[in-house]
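> can't give you the sequence, but here's the structure:
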(Lines give C-alpha, C1' and ligand atoms only; values in the text may rest on other atoms or scores of the structure.)
Protein backbone atom coordinates (compact mmCIF):
# COMPACT_ATOMS: atom_id res chain seq x y z
CA UNK A 1 0.00 0.00 0.00
CA UNK A 2 2.83 2.37 0.78
CA UNK A 3 4.48 1.80 -2.60
CA UNK A 4 1.20 2.62 -4.40
CA UNK A 5 0.95 5.94 -2.58
CA UNK A 6 4.57 6.79 -3.24
CA UNK A 7 4.24 5.95 -6.95
CA UNK A 8 1.19 8.20 -7.22
CA UNK A 9 3.13 10.95 -5.49
CA UNK A 10 6.01 10.53 -7.96
CA UNK A 11 3.67 10.73 -10.95
CA UNK A 12 2.11 13.88 -9.53
CA UNK A 13 5.54 15.38 -8.97
CA UNK A 14 6.53 14.63 -12.57
CA UNK A 15 3.40 16.42 -13.81
CA UNK A 16 4.17 19.44 -11.63
CA UNK A 17 7.72 19.63 -12.94
CA UNK A 18 6.59 19.35 -16.57
CA UNK A 19 3.91 22.02 -16.16
CA UNK A 20 6.35 24.33 -14.38
CA UNK A 21 8.82 23.95 -17.27
CA UNK A 22 6.11 24.86 -19.75
CA UNK A 23 5.13 27.84 -17.59
CA UNK A 24 8.73 29.03 -17.50
CA UNK A 25 8.93 28.73 -21.29
CA UNK A 26 5.73 30.80 -21.62
CA UNK A 27 7.10 33.39 -19.21
CA UNK A 28 10.28 33.89 -21.25
CA UNK A 29 8.19 34.07 -24.42
CA UNK A 30 6.02 36.81 -22.88
CA UNK A 31 9.04 38.77 -21.64
CA UNK A 32 10.72 38.62 -25.06
CA UNK A 33 7.51 39.75 -26.77
CA UNK A 34 7.07 42.70 -24.41
CA UNK A 35 10.69 43.88 -24.67
CA UNK A 36 10.70 43.57 -28.47
CA UNK A 37 7.46 45.49 -29.02
CA UNK A 38 8.22 48.20 -26.44
CA UNK A 39 11.72 48.69 -27.88
CA UNK A 40 10.34 48.90 -31.41
CA UNK A 41 7.73 51.49 -30.52
CA UNK A 42 10.11 53.49 -28.33
CA UNK A 43 12.44 53.83 -31.28
CA UNK A 44 9.55 54.71 -33.62
CA UNK A 45 8.30 57.40 -31.23
CA UNK A 46 11.78 58.85 -30.76
CA UNK A 47 12.30 58.98 -34.55
CA UNK A 48 8.92 60.65 -35.02
CA UNK A 49 7.30 57.85 -37.04
CA UNK A 50 4.71 57.00 -34.39
CA UNK A 51 2.75 59.03 -31.89
CA UNK A 52 2.60 58.44 -28.20
CA UNK A 53 -1.06 57.45 -28.49
CA UNK A 54 -0.14 54.70 -30.94
CA UNK A 55 2.47 53.47 -28.49
CA UNK A 56 -0.13 53.40 -25.70
CA UNK A 57 -2.54 51.46 -27.93
CA UNK A 58 0.15 48.94 -28.86
CA UNK A 59 1.12 48.61 -25.19
CA UNK A 60 -2.46 47.74 -24.28
CA UNK A 61 -2.69 45.26 -27.16
CA UNK A 62 0.58 43.65 -26.06
CA UNK A 63 -0.75 43.32 -22.52
CA UNK A 64 -3.85 41.54 -23.82
CA UNK A 65 -1.74 39.21 -25.96
CA UNK A 66 0.38 38.31 -22.91
CA UNK A 67 -2.72 37.66 -20.79
CA UNK A 68 -4.31 35.41 -23.43
CA UNK A 69 -1.00 33.63 -23.96
CA UNK A 70 -0.83 32.95 -20.22
CA UNK A 71 -4.44 31.78 -20.11
CA UNK A 72 -3.44 29.01 -22.50
CA UNK A 73 -1.61 27.35 -19.61
CA UNK A 74 -4.88 26.70 -17.78
CA UNK A 75 -5.71 23.81 -20.09
CA UNK A 76 -2.29 22.23 -19.66
CA UNK A 77 -2.09 18.56 -18.90
CA UNK A 78 0.89 16.27 -18.97
CA UNK A 79 -0.23 14.78 -22.28
CA UNK A 80 -0.04 18.15 -24.08
CA UNK A 81 3.48 18.98 -22.96
CA UNK A 82 6.11 18.67 -25.68
CA UNK A 83 8.60 15.84 -25.28
CA UNK A 84 11.50 18.32 -25.34
CA UNK A 85 10.65 19.30 -21.76
CA UNK A 86 10.92 15.80 -20.34
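That came through fine. If you're wondering where the values come from, they're calculated on a predicted model, not measured in any experiment.

> who does the longest helix seen in the chain touch, helix- and strand-wise?
In the chain, assigned by DSSP state H, the helix with the most residues is helix 2-47. Identification of packing neighbours for helix 2-47 by 3 or more C-beta pairs under 8 Å, 6 or more residues apart in numbering; DSSP states H and E yields helix 52-71. For the C-beta atoms, the positions are set from N, CA and C on the backbone; glycine is no exception.

> how about the helix it packs on: buried residues?
Buried residues in helix 52-71, counted by 16 or more other C-beta atoms under 10 Å: 55, 58, 62, 66.

> closest to residue 22 out of those residues?
Distance to residue 22, by C-beta to C-beta, is smallest for residue 66 among the buried residues of helix 52-71, at 15.8 Å.

> check whether the closest one really touches residue 33, as I assumed.
Yes. Applying C-beta atoms under 8 Å, one finds residue 66 in contact with residue 33, separated by 6.7 Å.
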